[in-house]
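Participant: sequence and predicted structure below; questions after.
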Amino acid sequence: MFKVLYIFISLLFIIGSSFKDDKNIAPNIPALMLQMNDSIHKIKTLRMHIFALERIEKNFLTANSEIKLQTKPRKLYFINRARKLEILHTSQTSNKALVKANVFPYVSVTLDTYGNLMRKNQHYTLNELGFEFIGKSVAYTLRKDADGYKNFTYKGKHLKNGYNCFLLEYENKNYAYVDYTVSEKETATSIAYKICVNDYLLKYKNDLLNDFGYLKKGRIIKVPNLYCKKAIIYLDEKSLLPVSLSLFDDVGIFEAYDFTKIQLNSHISEEEFTRGYKDYSF
């Protein structure tokens, strides 16, 4: 009997050891991407800090900001404390946002979220803030990429921004610019959304950084065939949300974002999406 008990305990030890080893086995990347999208779709409210690094022409600009976001209906409060810039966007049916900037005449103004003042030296609009746009971009890129998940590499677990993360790297060496013929009433931004490529890269490649109107029908422009050539993604092991994202084109890194102090589905009062909220200076 003692011999049987010894064998049983030995088997338990072996089985237990094998489970520990499994933690080092690469996760199923398609499953991770599906779980990431599922986590994104479950977000009702979101608070977080964002550090952004963006290539503007040949230079890099950085910014630290904070957001409060309600997903349905979408309402957003944005603040960059260093620049004393506040933005409130509370209507899904309007592109207008309330903006308070630390510039003369120091009053709050209503601006078009797609206009040149709001887009100047920015890769994205307010409408892309949050995780939903990231999820869509990854999904569309994989849909366009013939090799899809084969271009992902698992790089192990790493600590990033205070989170235990799966480190994933995506790279497609067939990234290139191709011809696109402009149709009627298309802007650079609408084309980028239509074919799911990076809006800023499309504008920069075609010298359209300050062009926000309709492009001439029949004009041939150069557009990237994929959203990026390479991406480095840190996926939080617990929430399965991306807490750090770096994107590269044929030149090198063109944008990187780090997300910290993430609070998911915590209560945000309706008052916090109003102009007169006590902590705002509109």
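Facilitator: Everything's here; your move.
Participant: from here on, just use CA atoms for contacts and neighbour counts.
Facilitator: Noted.
Participant: run through the helices of this structure in chain order.
Facilitator: All helices of the chain, identified by DSSP state H, fall at 2-22, 29-41, 116-119, 132-144, 188-195, 199-205.
Participant: name the helices or strands packed onto the last one?
Facilitator: This points to helix 199-205. Applying 3 or more CA pairs under 8 Å, 6 or more residues apart in numbering; DSSP states H and E, we find helix 199-205 packed against helix 188-195, strand 220-224.
Participant: shaky segments in the chain?
Facilitator: Applying pLDDT under 70 to the chain flags the ranges 1-24.
Participant: in stretch 187-200, which residues are buried?
Facilitator: Residues Thr187, Ala188, Thr189, Ile191, Ala192, Ile195, Cys196, Val197, Asn198, Asp199, Tyr200 are the ones in stretch 187-200 that count as buried (16 or more other CA atoms under 10 Å).
Participant: put the alpha carbons of it into PDB.
Facilitator: The C-alpha coordinates for stretch 187-200 follow below in PDB (Å, rounded to 0.1, in the frame of the first residue of the first chain):
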ATOM      1  CA  THR A 187     -10.800  63.200 -48.200                       C
ATOM      2  CA  ALA A 188      -7.400  61.800 -47.100                       C
ATOM      3  CA  THR A 189      -9.000  60.800 -43.800                       C
ATOM      4  CA  SER A 190     -12.100  59.100 -45.400                       C
ATOM      5  CA  ILE A 191      -9.800  57.100 -47.700                       C
ATOM      6  CA  ALA A 192      -7.600  56.000 -44.700                       C
ATOM      7  CA  TYR A 193     -10.700  54.900 -42.800                       C
ATOM      8  CA  LYS A 194     -12.100  53.100 -45.900                       C
ATOM      9  CA  ILE A 195      -9.000  51.000 -46.500                       C
ATOM     10  CA  CYS A 196      -7.900  50.900 -42.900                       C
ATOM     11  CA  VAL A 197      -4.500  52.400 -43.200                       C
ATOM     12  CA  ASN A 198      -2.800  55.100 -41.000                       C
ATOM     13  CA  ASP A 199      -4.300  58.500 -41.700                       C
ATOM     14  CA  TYR A 200      -1.200  60.400 -40.900                       C
END
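Participant: got CSV for the buried residues of stretch 187-200, with distance to Ser91 too?
Facilitator: Putting these into CSV (distance: CA to CA, whole Å) gives the following:
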residue, distance to Ser91
Thr187, 23
Ala188, 24
Thr189, 20
Ile191, 24
Ala192, 23
Ile195, 26
Cys196, 24
Val197, 26
Asn198, 25
Asp199, 23
Tyr200, 25
